[in-house]
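Enquirer: From the sequence below, what's the structure:
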Amino acid sequence: MIERLSILIAEDNAADRMLLSTIVSRQGHRVLTASNGLEAVALFDRERPHLVLMDALMPVMDGFEAARRIKQAAGEALVPIIFLTSLTEGEALVRCLEAGGDDFLTKPYNRVILEAKINAMDRLRRLQETVLQQRDLIARHNEHLLNEQRVAKAVFDKVAHSGCLDAPNIRYVQSPFALFNGDLLLAAYKPSGGMHVLLGDFTGHGLPAAIGAMPLAEVFYGMTAKGYSLTDVLREINAKLRHILPRGVFCCATLLNVSFQRQVVEVWNGGLPNGYLLRVNGERVPLVSRHLPLGVLEPAAFNDACEVYPACLGDRVFLFSDGVLEACNKQAQLFGEQRLLSVFADNKKPQALFDEIQHALLQFSGEQQDDVSLLEVSLVEDANLNRPPLAFADNGQNHLLDWSATFEFRGETLRYFNPLPFLLHLLLEVQGLRPQGAALFTVLAELYSNALEHGVLGLESSLKANAEGFADYYRQRSDRLAHLNDGFVRFHLHLLPEDGGGRLRLRVEDSRAGFDPRLLLPQPDDASRLSGRGLALVRQLSERCQWGDGEPGVCVEFSWKAGA
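Expert: As a prediction, the model looks like this:
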């Protein structure tokens, strides 16, 4: 059924106006009439008809000017104008179209042709209405999506940037291709000192690319704060992504374990471009990708093997996402690895290298085609980092400060399980202990190592008299641990309330005499001594350290004041 239209007829000839009105009325449409252009414009403003039949030549205001004003008043809505004219010259007909006409009908009028043109113009009008409605609908949906993305990005930024990217030894640049960055940059201090750093690049761009970043960041920050090793963090991230991400979505990543005290850099690269360890002497060591990206392999097939490089103070690590090498210029050429290496080779001032890489990218590239991330991590004195207390989520509830617990880890468990992250997580639920998290972890690690290595595995510290003995010590440790079936390490935890704070008493014992009390006595400084310094460190970091009081093992204490 044809929709009933409201049609304005502007014709100065009364006979022609009557004829057109009759034809249009018999087609089932509502008719409005005007005898000149000025009346037509006024009638249009008042009635807003669907379609206009406009005579070109009329008194007061001709059809050309009336058509222009009607089109202007109609705005985005399509109000088709069919010019009625006896003009036949080409230039005159072109003038009708330039004035805003959509079609024309020459006199004398043909009823069939007029009806066909009205129907055709109505189809165009309805098509325009549909397009405008869909455009507005898309705009509303787009605005809704952008609002959702802004909220999600605000949450994501708080999670992803909750670590130590603002540390003085880190410089980075991230330039997202879309609102969400498919590249992910994370850094966190470890309780034992040093830091974990991750540069990741998810497949794709925008929100789909960032969808795996939240669980990855949660695992990275949570496990690093609890003292897990880099290999433990890698395995958990891979298992998590493999479980939640759809097929074909994964994360190319490079992870670093930077130890400022031991002066080593531990590296795992899965799918990212080569990074580089730049030594102070100018030597450039490539950090090659040797693994598949995170989230590709099943946990049982995942390879967590890392490469360990000695590093001195002043050495720097540079990491890059694919977007750096794939930056394009106007000639569709890629920036590429050779241009990057040329920047390294041409560098004269090491401290300016980061800026020089940025400048080279800016000078070379045209339109950005991918997320771009560039990272520099420097080895510095750990004391220069002004490390904040470890950050843990807090549910706002008061933690009970009067409890005790004993944990015994036996032979077969000790082969595969490191109890330190578990214990640290439990203890750092106590808010007063959190500022001492690094010291607490170091003490726990030293006491556990002594209990396991000397008390359970029966290793002698005297083996570590030189570098060869050190290597033999850890070879024996690995062999004995792999075949361990008996023995135990016990942790006794006592948390006690005190006026204005609380106190932790921690006692560690093992199934043999794992602690040599002589090593807990003050020792003369000897920088060349390769063993026997760990338990002295325990005395320095804990408030109280004692043994031989009728209870097995070594007991240490930490205390805190409320609000400290």
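Enquirer: in what helix or strand does the most centrally placed residue in the chain lie?
Expert: With distances taken as Cα atoms, centre = their mean, Leu184 lies nearest the centre of the chain, 4.2 Å away. Element membership for Leu184, per DSSP states H and E: strand 183-189.
Enquirer: Give the pairing partners of that strand; include direction for each.
Expert: The sheet places strand 183-189 alongside strand 195-202 (antiparallel), with pairing taken from DSSP bridges.
Enquirer: which residues are in contact with the helix or strand harbouring Glu356?
Expert: Assessed by DSSP H and E, Glu356 sits inside helix 353-364. Around helix 353-364, the neighbours that count as contacts under Cβ atoms under 8 Å, 6 or more residues apart in numbering are 171, 173, 278, 316, 318, 324, 327, 329, 335, 339-340, 343-344, 346-347, 372, 374, 376. No exception for glycine: its C-beta is placed from N, CA and C like everyone else's.
Enquirer: Which members of those residues are classed as buried?
Expert: With neighbours counted using 16 or more other Cβ atoms under 10 Å, these contain these buried positions: 171, 173, 278, 316, 318, 324, 327, 335, 339-340, 343, 347, 372, 374, 376.
Enquirer: mind listing which of those residues are in helices?
Expert: The helices, defined by DSSP state H, take in 324, 339-340, 343 from the buried ones among the contacts of helix 353-364.
Enquirer: can you redo these as a markdown table with distance to Gln351?
Expert: Converted to a markdown table, these look like this (distance: Cβ to Cβ, whole Å):
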| residue | distance to Gln351 |
| --- | --- |
| Val324 | 20 |
| Arg339 | 21 |
| Leu340 | 18 |
| Val343 | 14 |
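Enquirer: Can I get the residues you listed in TSV including pLDDT?
Expert: Putting those into TSV (pLDDT from 0 to 100) gives the following:
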residue	pLDDT
Val324	87
Arg339	91
Leu340	91
Val343	91
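Enquirer: Thr406 contacts Val489, correct?
Expert: No - the pair Thr406 / Val489 is not scored as a contact, 11.4 Å apart, by Cβ atoms under 8 Å.
Enquirer: Of the two, which one has the most company?
Expert: Per other Cβ atoms under 10 Å, whichever of Thr406 and Val489 has more neighbours is Val489, with 25 against 11.
Enquirer: Against Asp166, how distant is the more buried one?
Expert: Val489 is 38 Å from Asp166, where distance means Cβ to Cβ, to the nearest Å.
Enquirer: again with Gly501
Expert: Going from Gly501 to Asp166 by Cβ to Cβ gives 30 Å.
Enquirer: Who has more neighbours out of these two?
Expert: Comparing Gly501 with Asp166 by other Cβ under 10 Å, the one with more neighbours is Gly501, at 14 against 8.
Enquirer: What is the three-state secondary structure of the closest residue to Glu412 other than its chain neighbours?
Expert: Beyond its immediate neighbours in the sequence, the residue positioned closest to Glu412 (Cβ to Cβ, 6 or more residues apart in numbering) is Asn485, lying 6.3 Å away. The local conformation at Asn485, judged by DSSP: H, G, I helix; E, B strand; the rest coil, is coil.
Enquirer: Same question for Val52.
Expert: On the three-state scheme (three-state DSSP), Val52 is labelled strand.
Enquirer: on that earlier part again, of the ones in helices among the buried ones among the contacts of helix 353-364, just say which sits nearest to Ala438.
Expert: If you rank those by distance to Ala438 using Cβ to Cβ, Val324 comes first, at 34.1 Å.
Enquirer: circling back: flag every buried residue along the helix holding Glu356.
Expert: By neighbour count on 16+ other Cβ under 10 Å, the buried set for helix 353-364 is 353-354, 357-358, 360-361, 364.
Enquirer: For the stretch 401-550 of the chain, which segments count as strands?
Expert: Shown for the stretch 401-550 of the chain, the strands assigned by DSSP state E, counting those that start in this stretch span residues 403-410, 488-498, 501-510, 544-547.
Enquirer: Of these, which is nearest Asn386?
Expert: In terms of Cβ to Cβ, the element of these nearest to Asn386 is strand 501-510, at 24.6 Å.
Enquirer: and that closest one, which residues are buried?
Expert: Using 16+ other Cβ under 10 Å as the test for burial, strand 501-510 gives 502-510.
Enquirer: now those in JSON lines, with distance to Tyr309 and pLDDT?
Expert: What follows is these, written out as JSON lines (distance: Cβ to Cβ, whole Å; pLDDT from 0 to 100):
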{"residue": "Gly502", "distance to Tyr309": "42", "pLDDT": "88"}
{"residue": "Arg503", "distance to Tyr309": "42", "pLDDT": "90"}
{"residue": "Leu504", "distance to Tyr309": "37", "pLDDT": "92"}
{"residue": "Arg505", "distance to Tyr309": "40", "pLDDT": "93"}
{"residue": "Leu506", "distance to Tyr309": "35", "pLDDT": "93"}
{"residue": "Arg507", "distance to Tyr309": "38", "pLDDT": "92"}
{"residue": "Val508", "distance to Tyr309": "33", "pLDDT": "93"}
{"residue": "Glu509", "distance to Tyr309": "38", "pLDDT": "91"}
{"residue": "Asp510", "distance to Tyr309": "34", "pLDDT": "91"}
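Enquirer: Next one, pLDDT for Ala301 please.
Expert: On pLDDT, Ala301 comes in at 95.
Enquirer: Could you report the distance from the residue nearest to the centre of the chain to Leu234?
Expert: Distance of Leu184 to Leu234, given as Cβ to Cβ: 15 Å.
Enquirer: re the thing from before, just the closest of the ones in helices among the buried ones among the contacts of helix 353-364 to Asp55, please.
Expert: Taking those together and measuring to Asp55 by Cβ to Cβ, the closest member is Val324, at 66.9 Å.
Enquirer: what separates the longest helix seen in the chain from the chain centre, distance-wise?
Expert: Ordering each helix of the chain by length in residues (DSSP H) puts helix 111-160 first. Averaging C-alpha positions (Cα atoms, centre = their mean, to the nearest Å) puts helix 111-160 31 Å from its chain's average.
Enquirer: Same check on stretch 278-292?
Expert: Remark: stretch 278-292 is offset 25 Å from the chain centroid, using Cα atoms, centre = their mean.
Enquirer: Now tell me what touches that stretch from outside.
Expert: Taking Cβ under 8 Å, 6+ apart as the criterion, the residues outside stretch 278-292 that touch it are 252, 254, 267-277, 303, 305, 307, 309, 311-319, 344, 350, 353.
Enquirer: So which of these belong to strands?
Expert: Per DSSP state E, strands hold the following members of the contacts of stretch 278-292: 252, 254, 267-270, 275-277, 307, 309, 316-319.
Enquirer: So how do I select the buried members of those in PyMOL?
Expert: Here is the PyMOL command that selects only those of those that count as buried (16+ other Cβ under 10 Å):
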select buried, resi 252+254+267+268+269+270+275+276+277+309+316+317+318+319
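Enquirer: Of the ones in strands among the contacts of stretch 278-292, which is the nearest to Ala74?
Expert: Proximity to Ala74 was ranked across the ones in strands among the contacts of stretch 278-292 by Cβ to Cβ; first place goes to Cys252, at 53.8 Å.
Enquirer: Could you measure from that closest one over to Ser289?
Expert: Here the distance between Cys252 and Ser289 works out to 8 Å (Cβ to Cβ).
Enquirer: now do Arg316
Expert: 19 Å.
Enquirer: Mind pulling up the pLDDT for the closest residue to Ala405 other than its chain neighbours?
Expert: Distance criterion Cβ to Cβ, 6+ apart; nearest residue to Ala405, sequence neighbours excluded, is Leu493 at 5.0 Å. What the model reports for Leu493 is a pLDDT of 93.
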